[in-house]
Each structure stands twice: as structure tokens, then as C-alpha cells.
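**Student:** fold the following.
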Amino acid sequence: MDVPIGAKVYCADGACGYVTHAILNPDSREVTHMVIQEEDPQYRKIVVPISLIVESTPKKLRIRCKLQELSGMQDFEETHFATIEVPGYFGGALTMLPDDTIEPLEVPIVKELVPPGEVALRKGAAVRASDGHIGQVDELLVSPVDNKITHLVLRKGHLWGKREVTIPVTEIDRIEEDTVYLKLDKQAIEHLPSSPA
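**Tutor:** Below you'll find the model as predicted:
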């Protein structure tokens, strides 16, 4: 089963958004949830159990719930506002005020609500070979039996030279927030089969 980060998502009664992250346990390599960004004007991100997937292709997912049910699920992000003091800030613009003029500014602080012990992996997260950066996460291939990652699809290259390489989960050393570390070096990855992205 694909967990295509960036894919369009459809509820039982219509299009509902797209996948922004896969949430997984980095030790067991089990994907537990996905994050869907709604298509409404608020662009709310929602945590959805992986068990709701009924159909999966590289470009779309169908999930077993209705739009109304989806809107009642847990938020992925929580926003708080902090006040900071900025010298010379006044009325929405930086101004040429005396150096001792300090104005308060409200700044949004966004926190991702990832379950304890799990990580949220987004499309484009860095992939590092044992000898340095090699590419980015494109998607995850997951066993439908136990929801464990079987392969990572790595996107490497720039613009016209992009290609996808499928890496077996056994070659993943560890997964951290925004980075997947591989056991393989760059030369070994170059010899893996690939297809144009």
C-alpha cells in the first residue's frame, strides 16, 4: 500500500484535501496516522488513522469516512501567540525611531501535535546516506497487513535529472524528525534500480 505524501484525498462523499505528513513510530517503523490538509479556506491539518485508508495509488487516497466526520478529528497543529519586543517597530512597519523605542509585536508559534514517541515525516524530508545527503523522501510503501514501512521512495537529483530510487526498510538506519538516515553509502544507492521521477 502506498502512503503517498502529497496525494489528493477523497472521503466517501467527496474530495477532502491532501496528505502532508505520515506519522510513524521510528522504532517499529509502523505508520500510525497521516495528516490531511483540508481544502477549505482555513487549510486546517487533521490527524487521520491509517486504518481508514480503503484505496491507495501514488496520486490519490480514498478514506472510509465522510467530510463531516473528518472535520471532527484531531488537529495536527496548535497555534499560540507570543509577544516579542522589536526596536523601531510601529504600526506594522519598521520605522526610523530612536534606538530606545521598543514596540510589542504578536508572533504566531505553531506546534505540531505528534503523539509521544512518534515522528511526522513530510514529503521532501532529507534523506542522508552514510556519507552525506542523497535526496528527499517522496513516499512510503507500507504493508497493508501490519502498517509497517516496507520501502522508502527516495527522490534524488535536481530539476531535469530527478529520479526515484526504492530503498528497502532494512537499509534504513534510523528516522528522525525531517531526516531519514540510511545504512547505505551514495555509491551503493547509485547502483539500486531507479525510474525517472
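**Student:** which ones are touching the one residue sitting closest to the centre of the chain?
**Tutor:** Centroid-nearest residue in the chain, with CA atoms, centre = their mean: R122, separated by 1.8 Å. Applying CB atoms under 8 Å, 6 or more residues apart in numbering, we find R122 in contact with I5, T20, H21, V137, D178. Placement of C-beta: from N, CA and C, glycine included.
**Student:** which of those residues count as buried?
**Tutor:** I5, T20, H21, V137 (16 or more other CB atoms under 10 Å).
**Student:** wouldn't the third one be in contact with A120 here?
**Tutor:** It stands for H21. Yes - counting by CB atoms under 8 Å, A120 is a contact partner of H21 at 4.3 Å.
**Student:** what sits in contact with each of those two?
**Tutor:** V35, F76.
**Student:** give the contact list for V145.
**Tutor:** Taking CB under 8 Å, 6+ apart, one finds nothing in contact with V145.
**Student:** got the domain ranges for this protein?
**Tutor:** Domains of the chain are assigned by automatic domain parsing as 2-71, 78-107, 124-196.
**Student:** looking at those domains, which is closest to V114?
**Tutor:** Among those, the nearest to V114 by CB to CB is domain 2-71 (6.2 Å).
**Student:** could you list the low-confidence segments of the protein?
**Tutor:** Applying pLDDT under 70 to the chain flags residues 41-42, 86-103, 157-162, 195-197.
**Student:** quick one: the helices in it, in order.
**Tutor:** Remark: helices assigned in the chain by DSSP state H are 67-71, 186-190.
**Student:** residues in contact with the last one?
**Tutor:** This points to helix 186-190. Residues contacting helix 186-190 (CB under 8 Å, 6+ apart): A129, D131, G132, I134, L154, K156, V165, I167, L182.
**Student:** how close does D146 get to L121?
**Tutor:** 18 Å (CB to CB, to the nearest Å).
**Student:** more crowded one of these two?
**Tutor:** L121 (26 against 11; other CB atoms under 10 Å).
**Student:** ok, the more buried one - contacts?
**Tutor:** I5, H21, A22, I23, L24, V137, L140, I175, D178, V180.
**Student:** which of the contacts of helix 186-190 are buried?
**Tutor:** For these, buried by 16+ other CB under 10 Å: A129, I134, L154, K156, V165, I167, L182.
**Student:** identify the residues contacting the closest residue in space to A126 that isn't next to it in sequence.
**Tutor:** Once flanking residues are discounted, A126 sits nearest to T179: 4.6 Å by CB to CB, 6 or more residues apart in numbering. Residues counted as contacts of T179 (CB under 8 Å, 6+ apart) are A125, A126, V127, R128.
**Student:** highest neighbour count among those residues?
**Tutor:** Ranking the contacts of T179 using other CB under 10 Å puts V127 first, with 24 neighbours.
**Student:** report the contact partners of that one.
**Tutor:** Contact analysis of V127 by CB under 8 Å, 6+ apart lists H133, I134, G135, Q136, V137, L152, L154, K156, T179, V180, L182.
**Student:** equivalent analysis for Q37, please.
**Tutor:** G17, Y18, T20, Y43, R44, K45, I46.
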